[in-house]
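Undergrad: Quick one: sequence plus predicted model below, questions after.
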2 protein chains.
Amino acid sequence: MRRPGLRERKKQKTRLALIDAALSLFLEQGYEATTVDQIAAAVDVSPRTFFRYFATKEDVALSLAADGQETMLAELATRPADEAPFTALSHAARAVVTMLQEGDLDDTARFLRAREVIDATPALFAGSVRRLMENERRLIAEISRRQGTGPDDLLPHFVVALFTAVARVGFELCEPADLDDVNALAARLESTLTLAESSLRPGWDRPGHPV
Amino acid sequence: MRRPGLRERKKQKTRLALIDAALSLFLEQGYEATTVDQIAAAVDVSPRTFFRYFATKEDVALSLAADGQETMLAELATRPADEAPFTALSHAARAVVTMLQEGDLDDTARFLRAREVIDATPALFAGSVRRLMENERRLIAEISRRQGTGPDDLLPHFVVALFTAVARVGFELCEPADLDDVNALAARLESTLTLAESSLRPGWDRPGHPV
DNA sequence: GTAATTTATGACAGTCACTGACAAGTGACA
DNA sequence: TGTCACTTGTCAGTGACTGTCATAAATTAC
């Protein structure tokens, strides 16, 4: 598993090159002012190839965040079944930050740069939220499975919606200063989670609580 | 003010005709399968004119929901300053339902039909959430103003994000059966608001609570 | 009432995101 | 080394969206 083969390595290289080139161009001249042709030209690749790596233009900026969400989903699946839903979700969110702290330095820088571009570009921010919502369905399914509740139960929807709100405040609404540093991001997430816990009644995310 | 002038009346008529035609086509053949040219042709208007009424294709389905958000903002502004933020936001949300219940029957039907199309179309659902998020900034500003907190205070962000989450669960995640009836929508909103209140500690949305 | 002015619309040309199809090049593997 | 699978470039096309200019209709001035 050490070497994924030359072909696979080339692909990853092209993918990262496209992301880097796109982020640079987006920062320089703005997102809408940048054409896919420009990005492709910067990596010396045909525009058609760009769309073989990324389904849409916004994807090139959002794919890293999407990877983070996959990490979160995976972490959630490993949490013990008797853990309270909101607690399990909190740990899953922390896993994303941990992944950044432990990962390659270049990868972390790229991730934070992507966040910077996303926060500065309304269209990308919108896309980011869209992804978050799509992911919400999967989170709801997982929480619902853990709790054994039916698919039309309000509680899982409620818990996940609330958690997503907290995560958004923690992750996305960062001050520009916070964007430089992963640790600042982690601190922000923690303080938001603390605020959430101090605002909610104990056991609120368990069925049968509101008597 | 009774008569806004012939020109203005014509414009409103065209606007509603475009919305109705678009919603019908979206329901019949799906959103992406419907072209702007088709919508324009159905109303006997040039495609260029369509874009003079709606900035984007998705706008034609989302504009009614956008109107609802304006109503909410306006209602929020009239709430007493000493009212707790979440309570004020809840009343503002109720104002949207009230507006539907009291409004023209055709308008209500159109609104519910738009919701139906939006819920059935991922792209439109995403756009709907996007609008909600964009609106969040204005809600935060208003809550922040009411509370007299600084712009970098976490609490207004937190309160509004939580409220948006609740509103989404109440408004958007409706069962198909609920879409026929405004009263069912109202009931759903109320039960979600109740769930939220029973989950949160009293005074959580006021500054200085979590000692 | 008619003339002047504003405003909505249509027609046309153009940009850009995105896609299907086919041909050519390159790594994988026997 | 030769075959196979996969990746890429080229090309042609669709559809969303925009700028521009001329025309027609509504509003206002006279």
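TA: Perfect, I can see it now.
Undergrad: Close to DNA strand C: what parts of chain A are there?
TA: Neighbours of DNA strand C within chain A, by C-beta under 7 Å from any atom of the strand: A:5-8, A:10, A:34-37, A:47-48, A:51, A:55-58. Bear in mind the C-beta positions are built from the backbone N, C-alpha and C, glycine included.
Undergrad: What's the PyMOL syntax to select whichever of the residues you listed are buried?
TA: Selecting only the buried entries of the residues of chain A next to DNA strand C in PyMOL, with 16 or more other C-beta atoms under 10 Å in any protein chain shown as the criterion:
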select buried, chain A and resi 34+36+57+58
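Undergrad: quick one: which of the residues of chain A next to DNA strand C sit in helices?
TA: When DSSP state H defines the helices, the subset of these inside them is A:6, A:7, A:8, A:10, A:36, A:37, A:47, A:48, A:51.
Undergrad: Leaving out chain neighbours, which residue sits closest to the last one?
TA: If I follow you right, that is residue A:51. The spatially closest residue to residue A:51, leaving aside those adjacent along the chain, is residue A:36, at 7.5 Å (C-beta to C-beta, 6 or more residues apart in numbering or on different chains).
Undergrad: how about the one you found, what does it touch?
TA: Contacts of residue A:36 were listed using C-beta atoms under 8 Å, 6 or more residues apart in numbering or on different chains, and they are A:47, A:50, A:51, A:57.
Undergrad: ok, now with 10 Å
TA: Counting by C-beta atoms under 10 Å, 6 or more residues apart in numbering or on different chains, residue A:36 touches A:18, A:22, A:47, A:48, A:50, A:51, A:54, A:56, A:57, A:60.
Undergrad: What is the most widely separated pair among these?
TA: Largest separation among those by C-beta to C-beta: A:22 and A:48, giving 15.9 Å.
Undergrad: other SSEs contacting the helix or strand harbouring residue A:66?
TA: Assessed by DSSP states H and E, residue A:66 sits inside helix A:59-78. When contacts are defined as 3 or more C-beta pairs under 10 Å, 6 or more residues apart in numbering or on different chains; DSSP states H and E, helix A:59-78 packs onto helix A:6-29, helix A:47-53, helix A:85-102, helix A:105-120, helix A:122-147, helix A:154-171.
Undergrad: and those helices, which is most packed in?
TA: Of all those, helix A:154-171 carries the top mean neighbour count, a mean of 24, counting by mean count of other C-beta atoms under 10 Å in any protein chain shown.
Undergrad: Quick one: work out the angle between it and helix B:122-147.
TA: Going by axes from the mean of the first three to the mean of the last three C-alpha atoms, to 10 degrees, helix A:154-171 is angled at 70 degrees with respect to helix B:122-147.
Undergrad: Could I get the buried residue list for the helix or strand that comes right after helix A:154-171?
TA: For helix A:154-171, the succeeding helix or strand toward the C-terminus, using DSSP H and E, is helix A:182-199. In terms of neighbour count (16+ other C-beta under 10 Å), helix A:182-199 has its buried residues at A:182, A:185, A:186, A:188, A:189, A:192, A:193, A:195, A:196, A:199.
Undergrad: The last one reaches residue B:154, doesn't it?
TA: No: taking contact to mean C-beta atoms under 10 Å, the distance of 11.2 Å between residue A:199 and residue B:154 leaves them out of contact.
Undergrad: And the residue nearest the centre of chain A, how far from chain B?
TA: Nearest to the mean C-alpha position of chain A, counting by C-alpha atoms, centre = their mean, stands residue A:65 at 3.6 Å. Residue A:65 sits at a distance of 15 Å from chain B (criterion: C-beta to the nearest C-beta, to the nearest Å).
Undergrad: Just to check, that residue is in contact with residue A:113?
TA: No: here residue A:65 lies out of contact with residue A:113, judged by C-beta under 10 Å, at a distance of 11.8 Å.
Undergrad: Point out the residues in chain A that sit beside DNA strand D.
TA: Of all the residues in chain A, those lying near DNA strand D are A:7, A:10, A:11, A:14, A:44, A:45, A:46, A:47, A:48, A:49, A:52, A:53, going by C-beta under 7 Å from any atom of the strand.
Undergrad: returning to what we had before: which one of the contacts of residue A:36 is nearest to residue B:118?
TA: Using C-beta to C-beta, residue A:56 comes nearest to residue B:118 of the contacts of residue A:36, at 20.4 Å.
Undergrad: Skip the chain neighbours and tell me the closest residue to residue A:39.
TA: Once its chain neighbours are removed from consideration, residue A:39 has its nearest residue in residue A:22; the separation is 4.8 Å (C-beta to C-beta, 6+ apart).
Undergrad: hmm, I was thinking of residue A:17
TA: Of all residues beyond its chain neighbours, the one nearest residue A:17 is residue A:43 (4.7 Å), with distances taken as C-beta to C-beta, 6+ apart.
Undergrad: ok, how many other residues are close to that neighbour?
TA: The local packing of residue A:43 (other C-beta atoms under 10 Å in any protein chain shown) involves 20 other residues.
Undergrad: Next one: residue A:135 relative to chain B, how far apart?
TA: Distance, residue A:135 to chain B, by C-beta to the nearest C-beta: 12 Å.
Undergrad: hang on, the earlier thing: widest-spaced pair of the residues of chain A next to DNA strand D?
TA: The farthest-apart pair in the residues of chain A next to DNA strand D, when distances are taken by C-beta to C-beta, is A:7 and A:47, at 21.6 Å.
Undergrad: Contact partners for residue A:189?
TA: A:90, A:93, A:94, A:96, A:97, A:166, A:167, A:169, A:170, A:171, A:174.
Undergrad: let's see 8 Å
TA: For residue A:189, the contacting residues are A:93, A:94, A:97, A:167, A:170, A:171, taking C-beta under 8 Å, 6+ apart as the criterion.
Undergrad: For the residues you listed, could you give me a markdown table that also reports pLDDT and distance to residue A:109?
TA: Written out in a markdown table, the entries for those read as follows (pLDDT from 0 to 100; distance: C-beta to C-beta, whole Å):
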| residue | pLDDT | distance to residue A:109 |
| --- | --- | --- |
| A:93 | 95 | 21 |
| A:94 | 95 | 21 |
| A:97 | 93 | 15 |
| A:167 | 90 | 22 |
| A:170 | 83 | 21 |
| A:171 | 74 | 17 |
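Undergrad: got CSV for those residues, with distance to chain B too?
TA: Below are those laid out as CSV (distance: C-beta to the nearest C-beta, whole Å):
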residue, distance to chain B
A:93, 14
A:94, 18
A:97, 18
A:167, 9
A:170, 9
A:171, 11
